[in-house]
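A.B. asks: pasting the structure only:
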């Protein structure tokens with residue numbers, strides 16, 4: 001069990017990972033051979049991501065530790081890695097291509113509150129509370145390590161990839177602040193100077209005799225690996241914001257800390273320690289990518305160095321497309337500072353590959369609920385083009401690899417709204433949203449339980465972190481949402497344009513003459529994904545009450561007059577109450593020059609000629625259309 005980034009155990013793992021092997025597993029009664037290290041996907045857009053909180057997903061031997069299962073619970077519920085592994089068939093059948101796991105590293109064992117995993121105490125060990133037998137795993141770390149590796153190996157055998165959620169900005173509540181009156185507290189207000197601290201022992205007590213980390217502390221005390229046990233590596237100034245400071249009780253590193261090392265020159269020791277620790281995780285567990293928490297709270301140059309270090313290390317193992325994406329909870333300009341690099345910048349490091357698509361999230365859910373005009377989404381993409389014009393990333397255009405989502409664990413309400421007196425009224429709105437997510441540019445990500453209709457909402461993010469396995473019929477493969485997501489997965493695989501195609505937003509018309517983009521809430525969103533000579537048209541009606549009949553502009557060169565589109569998917573043809581056959585689309589018609597007024601995205605107004613498709617779209621319906629062959 002390594003306790004240092006220089007330990008022989010850690011070095012042995014790194015060397016072993018460079019020696020390719022083959023593992024034989026039994027999956028569903030069939031023997032499957034997998035290479036290790038497991039090769040990366042050729043293109044991450046070929047898969048969609050399922051994000052789950054390990055503590056809240058599954059543990060069949062025991063019910064959730066606190067009831068109700070969907071209550072706003074802020075402590076461990078008892079989900080396990082083995083419980084997750086037991087549902088891999090369910091996830092594979094759903095169509096999941098990538099599992100994004102909430103952090104699995106060891107948190108402070110004296111704290112029951114960091115069930116989410118973001119309060120790391122040891123950056124080399126796995127959280128024993130995620131083991132089938134937490135007590136035994138606490139005594140013998142290999143038990144939980146083996147369960148994690150078994151989970152990842154079986155996911156690989158099923159053709160799925162695994163992403164770890166990691167943290168670079170902070171550790172857990174590893175020391176207490178000493179206030180002027182002598183009290184020791186977990187959180188302190190921001191101070192312009194460093195505050196005295198007491199490092200915590202294995203029981204979580206801030207020890208007066210530990211103003212600095214002691215020599216040879218117990219495994220559950222202070223912070224690990226051993227190289228991190230220096231006061232100088234922590235800010236020690238209390239709660240702060242982007243300029244620096246703790247996240248509540250989570251203590252911030254000084255990742256910009258520099259020191260002169262003999263024979264090595266100027267070094268960044270905190271960065272180097274974290275880089276080595278996360279390279280060890282790649283080697284030890286054969287993980288396929290990292291989602292980087294709170295990325296915008298570290299220095300952009302560290303993001304660049306870290307992303308590049310992970311990519312190059314993975315390449316040395318044979319993982320040719322290791323994927324990193326960061327949480328930059330901010331606008332386009334801020335995100336662009338943390339991914340790739342500017343073409344005019346010095347150096348040749350490309351950094352983190354992509355980001356969570358927060359600019360889209362800030363608008364898409366409200367638009368889908370009829371609260372925001374579709375033009376707001378279109379303007380967002382147009383602005384992104386300007387911001388990213390000079391951005392280079394390892395994948396080319398970074399936006400095509402942004403991870404898109406409708407909701408996540410940091411919100412206070414899920415996207416799906418279940419009205420108490422009419423619980424199924426907005427079922428079509430959820431499938432409309434998932435349909436748009438799977439059709440828009442990017443790598444779609446669904447939050448766990450979406451496929452089972454979880455609809456938590458409250459005054460805290462605990463309200464949307466339900467213990468899924470406590471739900472009656474928690475893993476129902478016949479649920480409408482589960483089956484709809486299956487269909488969208490198959491469609492996305494069958495239509496390469498939905499994964500790789502260029503994205504164009506389309507003007508619409510209700511009268512066949514005046515075409516434009518919907519400027520009002522509850523409007524229509526129409527866009528095409530074009531790949532070579534194939535156009536897939538997506539039309540979404542965000543109005544919760546009214547149907548829409550009209551015409552949509554399509555590519556004139558690819559759609560001869562009289563050509564016919566087929567409705568490849570409609571979210572209304574698998575209804576909770578009864579079958580609702582989708583409305584059919586008409587054939588492509590000519591709009592002669594001078595017969596129309598088309599308001600383009602650029603602001604220009606043209607009068608044709610153009611080709612258009614006439615169609616009817618029901619309220620809260622999405623249609624995805626392609627050509628009949």
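C.D. replies: Arrived safely. These numbers were taken from a predicted model, which means no experiment stands behind them.

A.B. asks: where's the residue lying closest to residue 363 once chain neighbours are set aside relative to residue 435, distance?
C.D. replies: Leaving aside its chain neighbours, residue 363 sits nearest to residue 376 (5.0 Å; criterion: Cβ to Cβ, 6 or more residues apart in numbering). All C-beta atoms are positioned from the backbone trio N, CA, C, and that covers glycine. In this view, residue 376 and residue 435 are 19 Å apart by Cβ to Cβ, to the nearest Å.

A.B. asks: quick one, which of the two is more surrounded?
C.D. replies: More crowded of residue 376 and residue 435, by other Cβ atoms under 10 Å: residue 435, with 26 against 16.

A.B. asks: backbone phi and psi for the more buried one, please?
C.D. replies: Backbone torsions of residue 435, given as degrees, to the nearest 10, read phi -60, psi -40.

A.B. asks: That one and residue 443, how far apart?
C.D. replies: Relative to residue 443, residue 435 is positioned 16 Å away (Cβ to Cβ).

A.B. asks: same deal with residue 617?
C.D. replies: Counting by Cβ to Cβ - residue 617 and residue 443 are separated by 26 Å.

A.B. asks: Doesn't residue 311 lie inside a helix?
C.D. replies: Yes. Membership of residue 311 in a helix is supported by DSSP: H, G, I helix; E, B strand; the rest coil.

A.B. asks: ok, it - how many residues close by?
C.D. replies: 22.

A.B. asks: Please name the residues that touch the closest residue to it other than its chain neighbours.
C.D. replies: Nearest residue to residue 311, sequence neighbours excluded (Cβ to Cβ, 6+ apart): residue 322, at 5.6 Å. Listed by Cβ atoms under 8 Å, 6 or more residues apart in numbering, the contact partners of residue 322 are 40, 282, 288, 289, 310, 311, 314, 315.

A.B. asks: Specify the beta-bridge partners of the residue lying closest to the third one once chain neighbours are set aside.
C.D. replies: Beyond its immediate neighbours in the sequence, the residue positioned closest to residue 288 (Cβ to Cβ, 6+ apart) is residue 161, lying 4.1 Å away. On the basis of DSSP bridges, residue 161 takes part in beta bridges with residue 98.

A.B. asks: Could you check how many residues crowd around residue 161?
C.D. replies: 23.

A.B. asks: and it, how far is that from residue 323?
C.D. replies: In terms of Cβ to Cβ, residue 161 sits 8 Å off from residue 323.

A.B. asks: which residues do these two both contact?
C.D. replies: Shared contacts of residue 161 and residue 323, counting by Cβ under 8 Å, 6+ apart, come down to 40, 288, 289.

A.B. asks: thought the last one was touching residue 311?
C.D. replies: The one in question is residue 289. No. The pair residue 289 and residue 311 does not pass the contact test of Cβ atoms under 8 Å, sitting 10.3 Å apart.

A.B. asks: so what sits against both of those two?
C.D. replies: In contact with both residue 289 and residue 311: 322, 324, using Cβ under 8 Å, 6+ apart.

A.B. asks: rewinding a little: from the contacts of residue 322, which single one is nearest residue 381?
C.D. replies: Nearest to residue 381 out of these is residue 289 (Cβ to Cβ; 24.7 Å).

A.B. asks: And the closest one, its phi and psi?
C.D. replies: phi -170, psi 170.

A.B. asks: For the residue nearest to it when sequence neighbours are not counted, list the residues it contacts.
C.D. replies: Nearest residue to residue 289, sequence neighbours excluded (Cβ to Cβ, 6+ apart): residue 323, at 3.6 Å. Taking Cβ under 8 Å, 6+ apart, we find residue 323 in contact with 40, 44, 163, 288, 289, 290, 353, 354, 401.

A.B. asks: One more pass at 10 Å, please.
C.D. replies: Residue 323 makes contacts with 40-41, 44, 49, 98, 161, 163, 288-291, 310-311, 314, 352-354, 394-395, 401, 403, 443, as judged by Cβ atoms under 10 Å, 6 or more residues apart in numbering.

A.B. asks: can you check residue 268 too?
C.D. replies: 254, 255, 256, 257, 258, 259, 274, 275, 299, 301, 302, 305 are the contacts of residue 268 under Cβ under 10 Å, 6+ apart.

A.B. asks: What separation is there between it and residue 455?
C.D. replies: On the measure of Cβ to Cβ, residue 268 and residue 455 end up 45 Å apart.

A.B. asks: In this structure residue 601 contacts residue 515, no?
C.D. replies: No. Counting by Cβ atoms under 10 Å, residue 601 does not reach residue 515; the two are 11.5 Å apart.

A.B. asks: Now for the two: what residues contact both?
C.D. replies: 506, 507.

A.B. asks: sorry, back to before: and the residue nearest to residue 288, what's its pLDDT?
C.D. replies: Per-residue pLDDT puts residue 161 at 98.

A.B. asks: gap between it and residue 468?
C.D. replies: For residue 161, the distance to residue 468 - Cβ to Cβ - is 21 Å.

A.B. asks: so the residue nearest to residue 363 is in which element?
C.D. replies: Per DSSP states H and E: residue 376 is located in helix 374-387.

A.B. asks: What helices and strands are in contact with that helix?
C.D. replies: helix 332-336, helix 358-361, helix 364-368, strand 502-505, strand 524-531 (3 or more Cβ pairs under 10 Å, 6 or more residues apart in numbering; DSSP states H and E).

A.B. asks: pLDDT on the last one, on average?
C.D. replies: Taken as a whole, strand 524-531 has a mean pLDDT of 98.

A.B. asks: roughly how far out does it sit from the chain middle?
C.D. replies: Relative to its parent chain, strand 524-531 has a centroid offset of 24 Å by Cα atoms, centre = their mean, to the nearest Å.

A.B. asks: likewise stretch 119-128?
C.D. replies: 21 Å.

A.B. asks: same check, this time on stretch 498-510
C.D. replies: That offset, for stretch 498-510, works out to 24 Å (Cα atoms, centre = their mean).

A.B. asks: gap between the two ends of it?
C.D. replies: Terminal residues of stretch 498-510 lie 26 Å apart, using Cα to Cα, to the nearest Å.

A.B. asks: try stretch 204-212
C.D. replies: Termini of stretch 204-212 sit 15 Å apart (Cα to Cα).

A.B. asks: ok, the residue nearest to residue 363 - contacts?
C.D. replies: 362, 363, 364, 366, 367, 518, 519, 521.

A.B. asks: Residue 557: how many residues sit nearby?
C.D. replies: Neighbour count for residue 557, taken as other Cβ under 10 Å: 9.

A.B. asks: Same check on residue 600?
C.D. replies: With other Cβ under 10 Å as criterion, residue 600 counts 14.

A.B. asks: contacting residues around stretch 492-502?
C.D. replies: Residues contacting stretch 492-502 (Cβ under 10 Å, 6+ apart): 43-48, 95, 97, 397, 400, 438-444, 488, 491, 503, 528-538, 568-569, 624, 626.

A.B. asks: Of those, which belong to helices?
C.D. replies: Filtering the contacts of stretch 492-502 for membership in helices, criterion DSSP state H, returns 438, 439, 488, 491.

A.B. asks: Just give me the closest of these to residue 89.
C.D. replies: Out of those, the member with the shortest distance to residue 89 (by Cβ to Cβ) is residue 488, at 19.5 Å.

A.B. asks: Excluding chain neighbours, what is closest to the closest one?
C.D. replies: Distances taken as Cβ to Cβ, 6+ apart place residue 438 nearest to residue 488, at 4.6 Å, with adjacent residues excluded.

A.B. asks: quick one, what contacts the one you found?
C.D. replies: 48, 95, 404, 444, 446, 485, 487-489, 491-492, 498-499, 538, 569, 622, 624.

A.B. asks: and with 6 Å instead?
C.D. replies: Shown in contact with residue 438 (Cβ atoms under 6 Å, 6 or more residues apart in numbering): 444, 488, 492.

A.B. asks: How about residue 157?
C.D. replies: 25, 27, 32, 34.

A.B. asks: which among these gets closest to residue 201?
C.D. replies: Among the contacts of residue 157, and counting by Cβ to Cβ, the member closest to residue 201 is residue 25, at 41.2 Å.

A.B. asks: Summarise which helices and strands the helix or strand the closest one falls within is packed against.
C.D. replies: Taking DSSP H and E as the definition, residue 25 sits inside strand 21-27. Judged by 3 or more Cβ pairs under 6 Å, 6 or more residues apart in numbering; DSSP states H and E, strand 21-27 is in contact with strand 30-36, helix 142-157.
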